[in-house]
Structures are given as structure tokens and as C-alpha cells.
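Undergrad: Just to be clear, the model below is a prediction. Sequence and coordinates:
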Amino acid sequence: PPPAMTAHRTSQARLSPAYETDTPLDRLRTPELFLLSTLRLWIAGAVDPEGRHPRWSEGCHVAGLRPAAVTGFDAFWRLMAAAPRRPGHAPLDLRCPTCPRLGADEAWFLQAVQALQAGEDRATVAILARWLPPAAQRLALPPLMALAAGLLEAELLLPDRARLPALPAGEPPPAPPDPG
């Protein structure tokens, strides 16, 4: 069963990034690639609504995400697009669908979702605090929690990168253990 995912008020903690910016995408596992691809397609649709690109939500439905998780994803990123940034924060580092490397804020997003899946909501709050003022953080957490729970229910568990051994450059990631 998924860990309990509840919101707690917490002070901003120091948090180390679990991913390196510009990590090659071939080093990510399927749940990470799924979530990253969904984000990049969402952005492509928001930037160019008339463009010829796949609808971001189609993959969510094929992957078995429940509607609340899909709505949570959309609500979170709509809030991120509309909310003011923390003072001094540069524009979000989010990349196009064909970019072969991970952007810094894409990495933090993956880490935030993974932390919620692991029941470490304080880490997610600290990540939200990197981007958003306190009121927007409180609004962003529930839809992100719905997304994380929906990914767990669909058996799309993001790996805890902080606890995985680093891979030598150019070496593919090991295959996950066979659950059968």
C-alpha cells in the first residue's frame, strides 16, 4: 500500500538535489521518463496550443492514472505557470520534448514527486519553497499529492535517487529487479 501522504507545516529545510542538472535522459528509469515526458508535452501545449504535438494527458490515461492524478498534474503546473516566483529565482529550467538532458527544475519536480511517494512531504515542501511564496506553496501541495498518489496506484514509483549509487559516465542504468 502507498505510504500516507499528508501535508504538514514545516520550516524550509536544506535539501540536496538528487539529480544533476543536464543528466542524460538515458540514465532515467521508466517512471521518471514518463513523468518528464508528460511535463514537457504539457509545456509544449501551453506554449503553442495550436502546434502539432501529442496531448500530454493521453499518456496518463494509457498508463492507468486515475482522473484525480491527471487533474492534479494539470492543476499543479497551471499554478506554477501563474504564481509569482520567489524573489531572485530565475525562470524555471524546463526543456523542450526533444531535449536529451534534464533541466534543473525538471529534476526538482521529479524529486518532489518521489519524496511524496516516499512519505517525505517535508522534502517536497522545501522544494516548493524554492519556487513559490508560502501561499502558493499551500495551494500547490494538494494537487502534487494527488499526482504522487496516482502514480503510486499505477505502479509508477520514482526511484529514490539520493539513495541510488551514482553511475559511471556513459554507463546505462541497471534494470530494475523483476517483480515476478
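TA: The structure has been received and is ready for your questions.

Undergrad: Near the nearest residue to W108 once chain neighbours are set aside, how many other residues are there?
TA: Excluding the flanking residues, the one nearest W108 by CB to CB, 6 or more residues apart in numbering is I127, at 5.2 Å. C-beta: built from backbone N, CA, C; applies to glycine. Counted with other CB atoms under 10 Å, residues neighbouring I127 total 25.

Undergrad: quick one: contacts for I127?
TA: For I127, the contact set (CB atoms under 8 Å, 6 or more residues apart in numbering) comprises L15, W108, F109, Q111, A112, A115.

Undergrad: Determine the longest helix present in this protein.
TA: Counting residues, the longest helix found in the chain (DSSP state H) is helix 134-153.

Undergrad: other SSEs contacting that one?
TA: Using 3 or more CB pairs under 8 Å, 6 or more residues apart in numbering; DSSP states H and E, the elements in contact with helix 134-153 are helix 67-82, helix 104-117, helix 121-131.

Undergrad: between those, which gets nearest to D26?
TA: Distance to D26, taken as CB to CB, is lowest for helix 104-117 among those, at 15.1 Å.

Undergrad: Alpha carbons only: can I get that closest one in CSV?
TA: This file holds the C-alpha atoms of helix 104-117, laid out as CSV (Å, rounded to 0.1, in the frame of the first residue of the first chain):
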residue,chain,number,x,y,z
ALA,A,104,17.4,21.8,-13.1
ASP,A,105,13.7,22.5,-12.3
GLU,A,106,12.6,19.3,-14.0
ALA,A,107,15.0,17.5,-11.7
TRP,A,108,13.5,19.2,-8.6
PHE,A,109,10.0,18.3,-9.8
LEU,A,110,10.9,14.6,-10.1
GLN,A,111,12.5,14.8,-6.6
ALA,A,112,9.4,16.5,-5.2
VAL,A,113,7.1,13.7,-6.5
GLN,A,114,9.4,11.0,-5.4
ALA,A,115,9.6,12.5,-1.9
LEU,A,116,5.8,12.5,-1.7
GLN,A,117,5.7,8.9,-2.8
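
Undergrad: For it, what is the distance to the chain centroid?
TA: 4 Å (CA atoms, centre = their mean, to the nearest Å).
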